[in-house]
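Asks: sharing a model prediction with you, sequence too.
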Protein chains: 2
Amino acid sequence: MDALCWQGWAMRRRTDRLSVEDFALRPVESVEAGDGQALIAIRAIALDPYLARAMKSWAGEHPGWADGTVHGRVIGEVLHSRSAALAVGDHVLAIARWQAFDVIDAAQAEIVDPAIGNPRLALGVLGRSGITAWVGLHLAAPSAGETLVVSAASGPVGSVVGQLAKRRGLRVVGTAGGPEKCAYVGDALGFDACLDHREPDLAERLAGAAPDGIDILFENVGAPSLDAALPAMNRHGRIQLCGLASHYNDERPIELRHFRQLLYRAVTLRGFITAEHRDLFAPALAELRQGLDEGWLHHRETIVDGLENAPAAYLDMLQGQGIGKRLIRP
Amino acid sequence: MDALCWQGWAMRRRTDRLSVEDFALRPVESVEAGDGQALIAIRAIALDPYLARAMKSWAGEHPGWADGTVHGRVIGEVLHSRSAALAVGDHVLAIARWQAFDVIDAAQAEIVDPAIGNPRLALGVLGRSGITAWVGLHLAAPSAGETLVVSAASGPVGSVVGQLAKRRGLRVVGTAGGPEKCAYVGDALGFDACLDHREPDLAERLAGAAPDGIDILFENVGAPSLDAALPAMNRHGRIQLCGLASHYNDERPIELRHFRQLLYRAVTLRGFITAEHRDLFAPALAELRQGLDEGWLHHRETIVDGLENAPAAYLDMLQGQGIGKRLIRP
């Protein structure tokens, strides 16, 4: 483990399909904090699906990735600070390299409120995942009595979408992979139904679980769940396109048997990027914290220990393994 | 020809893919007008792409099609009337059977304003096609300086979309099949560019013709043009999904290589149904008539004579043959 303290993950090559062989450990160049910087010990690295795109095509467009160095959201503990904004012992949310330690710019870091207890929540239910759920649901303009379907329902976004939608008076149906996840979604999270997408005839089962049709589809996965939901969409239904997790690790065309229904049913499909809705972050976080405080908002973390396991854990996450927020503890 | 006066087109069977063998001439049951009805001589039958769906799956959902009888929009001349609302000699817009004569309910018919001159315009530029163009463009909320791409640009919808968008100060690029259509779109209609989708590298040519990116894609065709446009869409671009003409005559899945861009670029794709926007018909028709009166709105008709040619002409239209509004003169 010791050697890992001075190494970090980088991409070996550009690829259309990630495998563990595409990742390499490289020596860390510097752990010396300059003016306005801080040295942090990384306590948790978020395994975020959207990173796959940067991992595959890291040329140019992702600053910092210029030589393939993997960057992602982390929670770090400040060990040494050369900025008045950060004190030793602060927990910060930052973009950092996939390492055990890193040096970050204080201006780019955000101190995690100690009141939340577990600072890792700032990567999950009280971080980008929870905020994405809140913002996407808000943009879909849900109304009490409507039916919402959400894919990857046991994930850190889907689980929050469904719980918020229940509170807003919607009928909520989730889809997830396997009986363990579905039991969690139905029992612990209180969705009206959760369907195992690994079982056959998902479209028929979705139509059955949404007898009044689907008003909102909150899509995190891609073609399999989209195609199953489209024939049950109501006229003027809304599809909130939040993620395409099943398509991040390849560049194959996306095939939809029921794409025509977007036209026939006058459906609106809206791609959205959470970072573009910063004005909604404060109300989102307020309700999410309230949900945790009052005990009606449930969440889980799936933590893998050891920086050396990060690439495999990342690829497992893309395959749908784990419940709730997937994290590495370096 | 005479025998055709007492026959009409019907579907022989349900099918996933139309061919002329799926159509059959059948005797007309009655040409006797009852109370509130009128006998009309059908002067023009609109070859509307959306009919393909009814032609393939005419069971149940399409009243009047119960035994496979083909119905569509027509212009008829009243020969005999048993309604105070219609007089002999009136030209009416109605849904009628694909026949030389039919009996219609006066309450369902709309008298064509004689001031428009050619009553067939009420099927095309001053009818559902022109209105669809106006409504769809309106819903896309175009702004001067934006770039709009429209597929099937020489068709009765696309040609009007582009001309209206030019008047609203947009850069307008059309796609169409073959040099004759493209010459018409570029020269007669005044689009900034028209690209032949039969030539290779449409995506690269589209990106070149839209150097500031595409803000609005007005989609009439389907995967080939959608996929070529998606990589050039601007962030927050809008896709107005008006038709899927290239997919009406089969039930195969729709494959999109660049579907992911809807998410990455936060694009909104909106299916719409013109009939649901009746409040916009009056302002639409007002501007379309003004365009014809003032001479800045151009349109064409492609007319095939002979009721016996209707099925073949219909299938040719689906294949993209003809410029402007495609019509049968029985």
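Replies: That came through fine. Residues are numbered from 1 along each chain as shown, chains lettered A, B, ... in the order given.
Asks: list the contacts for the residue of the stretch 1-150 of chain A found nearest chain B?
Replies: Closest contact between the stretch 1-150 of chain A and chain B, by C-beta to the nearest C-beta, is at A:Arg53 (7.7 Å). C-beta: built from backbone N, CA, C; applies to glycine. For A:Arg53, the contact set (C-beta atoms under 8 Å, 6 or more residues apart in numbering or on different chains) comprises A:Tyr248, B:Tyr264.
Asks: host element of A:Ser143?
Replies: Using DSSP states H and E, A:Ser143 sits within no helix or strand.
Asks: residues touching it, list them.
Replies: Counting by C-beta under 8 Å, 6+ apart, A:Ser143 has contacts A:Arg168, A:Gly169, A:Leu170, A:Asp215.
Asks: in three-state terms, label the second one for me.
Replies: To tie it back to what came earlier, the one meant is A:Gly169. Here A:Gly169 takes the coil state, with states given by DSSP: H, G, I helix; E, B strand; the rest coil.
Asks: you'd agree A:Glu21 is up against A:Arg12?
Replies: Yes. Assessed by C-beta atoms under 8 Å, A:Glu21 is found in contact with A:Arg12 at 7.2 Å.
Asks: which bits of chain A sit near chain B?
Replies: Selection of chain A residues close to chain B by C-beta under 8 Å from any C-beta of the partner chain yields A:53, A:241-244, A:247, A:253-257, A:259-260, A:262-273, A:276.
Asks: can you select the buried ones among the contacts of A:Ser143 for me in PyMOL?
Replies: Provided next is the PyMOL selection string for whichever of those are buried by 16 or more other C-beta atoms under 10 Å in any protein chain shown:
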select buried, chain A and resi 168+170+215
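Asks: skipping adjacent residues, who's closest to the residue of the stretch 101-250 of chain A at minimum distance from chain B in space?
Replies: Residue of the stretch 101-250 of chain A nearest chain B, by C-beta to the nearest C-beta: A:Leu241 (5.2 Å). Spatial nearest neighbour of A:Leu241, chain neighbours left out: A:Gly271 (4.5 Å); criterion: C-beta to C-beta, 6 or more residues apart in numbering or on different chains.
Asks: now do the same contact list for that neighbour.
Replies: A:Leu241, B:Leu262, B:Leu263, B:Tyr264, B:Arg265, B:Ala266, B:Val267, B:Thr268.
Asks: so which of those is the closest to B:Ala141?
Replies: B:Thr268 (10.5 Å; C-beta to C-beta).
Asks: can you classify the nearest residue to the closest one once chain neighbours are set aside as helix, strand or coil?
Replies: In space, B:Thr268 comes closest to A:Arg270 once its chain neighbours are excluded; the distance is 4.7 Å by C-beta to C-beta, 6+ apart. Three-state assignment for A:Arg270 (three-state DSSP): strand.
Asks: and A:Arg270, how many neighbours?
Replies: Per other C-beta atoms under 10 Å in any protein chain shown, the neighbour tally for A:Arg270 reads 20.
Asks: ok, back up a step: pretty sure the residue of the stretch 1-150 of chain A closest to chain B belongs to a strand, no?
Replies: No. Secondary structure of A:Arg53 (three-state DSSP): helix, not part of a strand.
Asks: quick one: it from B:Tyr264, how far?
Replies: Note on A:Arg53: its distance to B:Tyr264, by C-beta to C-beta, to the nearest Å, is 8 Å.
Asks: again, but for A:Ala245
Replies: Taken as C-beta to C-beta, the span from A:Ala245 to B:Tyr264 is 14 Å.
Asks: ok, A:Asp105 next?
Replies: Taken as C-beta to C-beta, the span from A:Asp105 to B:Tyr264 is 26 Å.
Asks: go on, A:Ala210?
Replies: To B:Tyr264, A:Ala210 is 29 Å away according to C-beta to C-beta.
Asks: which one of the two has more residues nearby?
Replies: Of the pair A:Ala210 and B:Tyr264, A:Ala210 is the one with more neighbours under other C-beta under 10 Å, namely 23 against 16.
Asks: excluding chain neighbours, what is closest to that one?
Replies: Excluding the flanking residues, the one nearest A:Ala210 by C-beta to C-beta, 6+ apart is A:Thr147, at 4.8 Å.
Asks: export the longest helix seen in chain A to PDB, keeping only CA atoms.
Replies: Identified as the longest helix of chain A according to DSSP state H is helix A:281-294. Provided in PDB are the C-alpha atoms of helix A:281-294 (Å, rounded to 0.1, in the frame of the first residue of the first chain):
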ATOM      1  CA  PHE A 281     -28.500  24.100  -6.000                       C
ATOM      2  CA  ALA A 282     -29.400  25.900  -2.800                       C
ATOM      3  CA  PRO A 283     -33.100  24.900  -2.800                       C
ATOM      4  CA  ALA A 284     -32.100  21.400  -3.800                       C
ATOM      5  CA  LEU A 285     -29.600  21.000  -0.900                       C
ATOM      6  CA  ALA A 286     -32.000  22.600   1.600                       C
ATOM      7  CA  GLU A 287     -34.700  19.900   0.800                       C
ATOM      8  CA  LEU A 288     -32.200  17.100   0.700                       C
ATOM      9  CA  ARG A 289     -30.700  18.000   4.100                       C
ATOM     10  CA  GLN A 290     -34.200  18.300   5.500                       C
ATOM     11  CA  GLY A 291     -35.000  14.800   4.200                       C
ATOM     12  CA  LEU A 292     -32.000  13.400   6.000                       C
ATOM     13  CA  ASP A 293     -32.700  15.300   9.200                       C
ATOM     14  CA  GLU A 294     -36.300  14.300   9.200                       C
END
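Asks: packing partners for it?
Replies: Applying 3 or more C-beta pairs under 8 Å, 6 or more residues apart in numbering or on different chains; DSSP states H and E, one finds that helix A:281-294 makes contact with helix A:128-139, helix A:158-167.
Asks: hmm, who's touching the last one?
Replies: Outside helix A:158-167, the residues that touch it by C-beta under 8 Å, 6+ apart are A:125, A:129-130, A:133-134, A:136-137, A:142, A:148, A:150-153, A:172, A:174, A:176, A:185, A:189-192, A:216, A:218, A:220, A:287-288, A:291, A:296-300, A:324.
Asks: let's test this: mean pLDDT of it, rounded?
Replies: Here helix A:158-167 scores 98 as its mean pLDDT.
Asks: check the first one too.
Replies: Averaged across helix A:128-139, the pLDDT comes to 98.
Asks: so which elements touch it?
Replies: helix A:158-167, strand A:233-241, helix A:281-294.
Asks: kindly reformat the ones you listed as TSV containing mean neighbour count.
Replies: Putting the helices and strands packed on helix A:128-139 into TSV (neighbours: other C-beta atoms under 10 Å in any protein chain shown) gives the following:
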stretch	mean neighbour count
helix A:158-167	26
strand A:233-241	21
helix A:281-294	15
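Asks: tell me which of the ones you listed sits nearest to B:Leu307.
Replies: strand A:233-241 (34.6 Å).
Asks: for the helix or strand following that closest one, packing partners?
Replies: Next in sequence after strand A:233-241, counting helices and strands by DSSP H and E, comes strand A:254-256. Helices and strands touching strand A:254-256, by 3+ C-beta pairs under 8 Å, 6+ apart, are helix A:223-229, strand B:254-256.
Asks: report the contact partners of A:Gln7.
Replies: By C-beta under 8 Å, 6+ apart, the contact set of A:Gln7 is A:Leu25, A:Arg26, A:Pro27, A:Val28, A:Gln99, A:Leu307.
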